[in-house]
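# Predicted model, plus sequence, below.
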Amino acid sequence: MNLSIANILDEIIASVPLLKPELLLIAGFIICIFCALFLQKWWKDSAFAACLATTVVLIYALVEQLGLSATGFSNMWLVDPVGTYARLMIAVSTLIIAIFIQQRYRAHNGDVYSVLLAATLGMNVLAATTNWLLAFIGIEIVSIASYVLVGFFADSKKQAEAAMKYALFGSVCAAVMLYGLSLIYGLTGDLDFRSAQHLQGLMTSPQAMVTIAFLFVFVGIGFKLSFVPFHIWSPDVYQGAPTPVTAFLSTIPKVAALILFMRLYKAWSAGGFYFSDLMVWFMITVAIVTMLVGNLAALRQNDVKRMMAYSSIGHTGFLLMSISAYQDTSSYILFYIFAYVVTNLAAFIFIDHIEQRTGTTELTGYAGLGKKMPLLFVCFTVVAVSLIGLPPTIGFVGKLMIFSAVFDLYGDTQATALVLLLIVGVLTSVISLFFYFRIPLYAFLRNADRQYMEHRGSAILPLLAYVLTALIIFFGLFPDLLLRMLG
Amino acid sequence: MGILSLLIFLPLFVTLLILVLPESAGRMYKYLALGITVIQLGISLYLYQVFDVSSAGINQVNGYQFVEQLPWIRMDLGSIGLLEIDYFVGVDGISLPLIVLSTLVMLMAIGASWNMTKSGKGYYALLMLLNTAVVGIFSALDFFLFYVFYEVMLLPLYFLIGIWGGERREYAAIKFFIYTLLGSVFMLLVIVGLYFSVVNPATGAHTFNMLLMMDPGNYTPDSFFAYANTYHNVLGLEPRLIGFIILFFAFAIKVPIVPLHTWLPDAHVEAPTPVSIILAGVLLKIGGYGIIRVCYSIFPDMAALTNWWIALIGVVSILYGALNALAQKDLKRMIAYSSVSHMGFVLLGIASLTAEGVSGAMFQMISHGFLSAALFFLVGVIYDRVHDRYIYNFRGLASLMPKYTAYVAIAFFASLGLPGFSAFIGEAFVIIGAFNAESMATGLPRWMAIGGSLGILLSAAYFLWTLQRMFFGQTRLFGGQAWQSALTDLSAREQIVLFPALALALLLGIAPSLIFNNLNSSVLQLIDLIKPFL
């Protein structure tokens, strides 16, 4: 390091504009804490308002960054279109989640919004770095914020248990990942996984060490993405956590972790070295197993939230499949992520609304509800159709593009494993029909066997979900509009 | 908006209208549905009237009529290339008769649902959505568009069977859905493969255009589905053969063939009468249509290679379906199995690869379309009255319901292939085609034609035996006096639904050229397409 202090300072100052959205987030975070502490007495929704304002400003700042490709802080911070789009999706989803929480937990208002903003900050970090150190910090910020969110509204033993499980499992995974990172740093002497020195180091190190270090690192990422075998926490936590938090957990952190994983895969699998092969094989195997396990386990669930947890594991498998076909265009991955986020948010809002009105998250409890809430269940069916991946929905176009990408790669490489990947992807779509269609099955085909206390639900949330459902069909029919935006 | 798009999307518009109308306007729904299907039938008959019989279609875009082509989706996927999807519809001699058939059957279905009371709003909305999907499938010339309509068709059917069906409706609905979806998701993989193999010579982009997929010149050399490609062999099989087999199975499930037919008896028996009518009358034809339009036209080389096996499947379906029908004690189940048997003729005719055989197969599809619709309607008549259709529970209905008996007798005779009725023409041409196949060197042995004729004999056996068991002899009913009073003869509405179908059977039996004229050039074109590979 022969840079003089002055040069370093210059670079840091020059890089600050790249960090503008995150600085805004930090400011919003502090304002939220302030509001929750001091303004709450006079204005109940002050923290919520501050959170909304922050996300709106964040979205604006991110839109300004669109099209920008730059690095800052000595290559620690990376701004590129893929990352910016991902951060935009994160910001918009955060906005929806914030409204979701506000509508559902009016009494608890306050600190939860600052935690939510902190989580967003962590996810932004993940989506904008190729440096292991920052990536680890990002994962930890998201994880700690998620632990708090899961336990925040805990009023029953089940919820407390979910939070505890999540925290324990998460810390172990983080520790293992940190150990793997230390090994990698020791072997390469560089923390930027895209740098030449890093790859050089990996090539010259003993194979066994590198393999172990890889697997350790994947433990941490696997925990965030919840792919098999690091998925076991998610069904319990999804079921135990309050529904808005489940909606949060199943969507946004995955987006961020996926972007990181995508960059890592691109960097490591490109060369013809043994660890590239290792990475490719790891990816394909995990994708196949994750799709199978997620979808098969979902078949046996009776709790909708638990079923959605397994379904989201299955979708993770699909996302891994999309990464394994990642060459140089990422627009189809972003498209699938968008589809995944929109459909899942809509699904969880519906689940929550039904829970609020009838007090049930059991599938059997949905019996006959189709007649009472026809519009809601018609839209819920559309969401289910999109999750299966049938036309004319956004989920279908997303799947079609991933199949295309994998097929294209197969044309280049002739790897039989890719054919297997395609076949499993297709088969699991059929399997998923069974469990997703149990929702309309109970709602429309069965008759109610018991009466419920009817509660009035929030009016804004279903409206929001209907808008999301309309988007699902609209972008299913005209996907090029969305893709042109992402391209 | 062209006239074909109007035909496709009119029902969709009605679906939306029905959904917005308040529940208090409940009585409006059926009139709306009726009105729109009448208009649809009118439009399709008009198209049939002005159709130019000399232009062939199949693989030539200028042979198609009422063509509409609009760019729909253009996505730049970077290294994967430009995704080119068109809204591309048009009809030729293969699809137009089936469109007319489906509008007619749809009208019969509306007539059959006239007294339906359970949540009419959802029912008619779904029925109209199904209508859009079916006409869309028959007109789509872009594979993506075809696939979208194909899948959209499944959803309304699932709910129609599942909500308005009989006792085991949940099982039947999901079984039907799973069978078809299993076929179609693998079809999606083949579509993607074809997409990467075919290049639009005009734009240089990959395309989903089916007509471009039919021209061997548009395949990029060394692409996955390129002709005579052995470089990409999977498990020692040529990719084109694999693609053909997958597509064939996707459509064969719909036809259905033995042994993939097991969804059909369940779906037919559990479905309400109007849905059985649509299932038998239109949806089975989608299978046959798909085999001609997609499998045979896009993979002519493989069609020539495999036709022995396909004909064998056809013969097995004819015989197995007929033997099963003979053994059934539930009237609806018996007719469901007779459908399996009759659709076997379609497969045998297509596989004969002779002009007579393919025309016969098309004719058989049309004829079976409205005849099976009439048969299911007739079953619905007694089921509506006494909620039973067990054959041995009825005896001597002839004296109780003379008009009904007359209609049943005509429908049975027409279906079993009595000369003078449409089914005879279809089956006879299929058998002639299969018999000639040996002298035309298309590779079918003569015994298959004989197997097919045996099927006609068996169908005479089960239809006549049923007629004898249920309608002749001393009146004896399982339900006693209550049934006797419940079993009133056909109402005027029921006769209005039935009469046109049976009249049509007679008319087409006497003047088959009404259909053959429109078919002919397309069939010859299809044969020409496949001939070089024989």
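Received it, and whenever you're ready, just let me know what you need. Numbers count the residues shown, from 1 in each chain, chains lettered A, B, ... in the order given.
# Helix or strand: which one has residue A:32?
helix A:20-34 (DSSP states H and E).
# Pull the contacting residues for the residue lying closest to residue A:271 once chain neighbours are set aside.
Distances taken as CB to CB, 6 or more residues apart in numbering or on different chains place residue A:199 nearest to residue A:271, at 6.7 Å, with adjacent residues excluded. Where you see a C-beta, it was placed from the backbone N, CA and C, and this is true even at glycine. By CB atoms under 8 Å, 6 or more residues apart in numbering or on different chains, the contact list for residue A:199 reads A:267, A:268, A:271, A:273.
# can you pull out the strands in the stretch 1-150 of chain A?
A:70-72, A:77-79 (DSSP state E, counting those that start in this stretch).
# what separates the residue in the stretch 201-350 of chain B positioned nearest to chain A from residue A:463, distance-wise?
Closest approach between the stretch 201-350 of chain B and chain A, counting by CB to the nearest CB: residue B:224, at 6.2 Å. Residue B:224 is 46 Å from residue A:463, where distance means CB to CB, to the nearest Å.
# likewise residue B:238?
Residue B:238 sits 54 Å away from residue A:463, going by CB to CB.
# Ramachandran angles for residue B:118?
phi -70, psi 120 (degrees, to the nearest 10).
# so how many other residues sit close to the spatially closest residue to it that is not a sequence neighbour?
Leaving aside its chain neighbours, residue B:118 sits nearest to residue B:164 (6.2 Å; criterion: CB to CB, 6+ apart). Applying other CB atoms under 10 Å in any protein chain shown, we find 22 residues neighbouring residue B:164.
# from memory residue B:164 sits against residue B:272, does it?
Yes. In this structure residue B:164 lies within contact range of residue B:272 using CB atoms under 8 Å: 4.5 Å.
# which residues are in contact with both of those two?
Common neighbours of residue B:164 and residue B:272, using CB under 8 Å, 6+ apart, are residue B:116.
# May I have the secondary structure class of the closest residue to chain B within chain A?
Minimum separation of chain A from chain B (CB to the nearest CB) falls at residue A:329, amounting to 2.9 Å. Using DSSP: H, G, I helix; E, B strand; the rest coil, the structure places residue A:329 in coil.
# did I read that right, residue A:448 in a strand?
No. Counting by three-state DSSP, residue A:448 falls outside a strand, being coil.
# ok, now which ones touch residue A:445?
Contacts of residue A:445 by CB under 8 Å, 6+ apart are B:162, B:163, B:169, B:170, B:173.
# ok, residue B:396 - how many residues close by?
Residue B:396: 16 neighbours (other CB under 10 Å).
# which one among the contacts of residue A:445 gets closest to chain A?
Closest to chain A, out of all of these and judged by CB to the nearest CB, is residue B:162, at 4.6 Å.
# Might you report the residue contacts of the closest one?
Per CB under 8 Å, 6+ apart, neighbours of residue B:162: A:441, A:444, A:445, B:169, B:170, B:173, B:174.
# farthest pair in these?
A:444 and B:174 (12.8 Å; CB to CB).
# Distance-wise, check residue A:164 relative to residue B:45.
71 Å.
# make that residue A:279, sorry
Taking CB to CB, one finds residue A:279 at 62 Å from residue B:45.
# Those two: which is more packed in?
Taking residue A:279 and residue B:45 together and counting by other CB under 10 Å, residue A:279 has the greater number of neighbours (20 against 13).
# Report the contact partners of that one.
By CB under 8 Å, 6+ apart, the neighbours of residue A:279 are A:214, A:265, A:268, A:269.
# Using TSV, please lay out those together with distance to chain B and neighbour count.
Output for the contacts of residue A:279, formatted as TSV (distance: CB to the nearest CB, whole Å; neighbours: other CB atoms under 10 Å in any protein chain shown):
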residue	distance to chain B	neighbour count
A:214	27	19
A:265	16	19
A:268	19	20
A:269	15	21
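# ok, which stretches of the stretch 251-400 of chain A are strands?
Under DSSP E, counting those that start in this stretch, the stretch 251-400 of chain A gives no strands.
# which stretches of it have low pLDDT?
Applying pLDDT under 70 to the stretch 251-400 of chain A flags no residue at all.
# How about the residues of it by chain B?
Residues of the stretch 251-400 of chain A found near chain B (CB under 8 Å from any CB of the partner chain) are A:327-329, A:331-332, A:371, A:374, A:385, A:390-392, A:396, A:400.
# Buried subset of these as a PyMOL selection?
The PyMOL selection below is limited to those of those classed as buried (16 or more other CB atoms under 10 Å in any protein chain shown):
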select buried, chain A and resi 329+331+332+374+385+390+391+392+396+400
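# Pick out whichever of the residues of the stretch 251-400 of chain A next to chain B sits closest to residue B:244.
residue A:400 (21.3 Å).
# What separation do you get for residue B:147 and residue B:242?
Distance from residue B:147 to residue B:242, counting by CB to CB: 18 Å.
# Please identify the nearest residue in space to residue 141, excluding sequence neighbours.
Chain wasn't specified; assuming chain A. residue A:122 (2.9 Å).
# that's the wrong chain, I wanted chain B
residue B:88 (4.6 Å).
# Just the element for that neighbour, please.
In the assignment (DSSP H and E), residue B:88 maps to strand B:82-91.
# what's that strand packed up against?
If contacts are counted by 3 or more CB pairs under 8 Å, 6 or more residues apart in numbering or on different chains; DSSP states H and E, strand B:82-91 sits against helix B:3-20, strand B:65-76, helix B:120-139, helix B:143-164.
# if you set the cut-off to 6 Å instead, what comes out?
Strand B:82-91 sits against strand B:65-76, with contacts defined as 3 or more CB pairs under 6 Å, 6 or more residues apart in numbering or on different chains; DSSP states H and E.
# Give the pairing partners of the strand it packs on; include direction for each.
strand B:82-91 (antiparallel) (DSSP bridges).
# And the next helix or strand past the partner strand?
Counting by DSSP H and E, what follows strand B:82-91 is helix B:95-112.
# relative to helix B:120-139, how tilted is that next one?
170 degrees (axes from the mean of the first three to the mean of the last three CA atoms, to 10 degrees).
# buried stuff in helix B:95-112?
B:95-112.
# what's it in contact with?
B:33-34, B:37, B:40-41, B:44, B:48, B:51, B:131, B:134-135, B:138, B:273-274, B:277-278, B:281-282, B:285, B:289, B:366, B:369, B:373, B:377, B:497, B:515 (CB atoms under 6 Å, 6 or more residues apart in numbering or on different chains).
# between it and helix B:3-20, what angle do the directions make?
Going by the same axes, to 10 degrees, helix B:95-112 makes 20 degrees with helix B:3-20.
# show me the contacts for the closest residue to residue A:460 other than its chain neighbours.
Nearest non-adjacent residue to residue A:460, counting by CB to CB, 6+ apart: residue A:103, 5.8 Å away. Residues near residue A:103 by CB under 6 Å, 6+ apart: A:458, A:460, A:461.
# Any figure for the gap between residue A:103 and residue B:529?
For residue A:103 relative to residue B:529 (CB to CB), the value is 61 Å.
# what does residue B:235 give?
Residue B:235 is 28 Å from residue B:529, by CB to CB.
# Could you verify my assumption that residue B:18 touches residue B:127?
No. Using CB atoms under 6 Å, residue B:18 is not in contact with residue B:127, being 9.5 Å away.
# which of those two has more neighbours?
Legend: neighbour count by other CB under 10 Å for residue B:18 and residue B:127, higher for residue B:127 (27 against 24).
# Next, work out how far apart that one and residue B:145 are.
22 Å.
# Please apply the same query to residue B:401.
46 Å.
# Neighbour count: these two, which is higher?
For the pair residue B:401 and residue B:145, the greater number of neighbours falls to residue B:145 (24 against 20), based on other CB under 10 Å.
# on that earlier part again, and residue B:224 and residue A:463? which has more neighbours close in?
Taking other CB under 10 Å, residue B:224 and residue A:463 do not tie; residue B:224 has more neighbours (24 against 11).
# Doesn't the more buried one belong to a strand?
No. Residue B:224 is assigned coil when assessed by three-state DSSP, not a strand.
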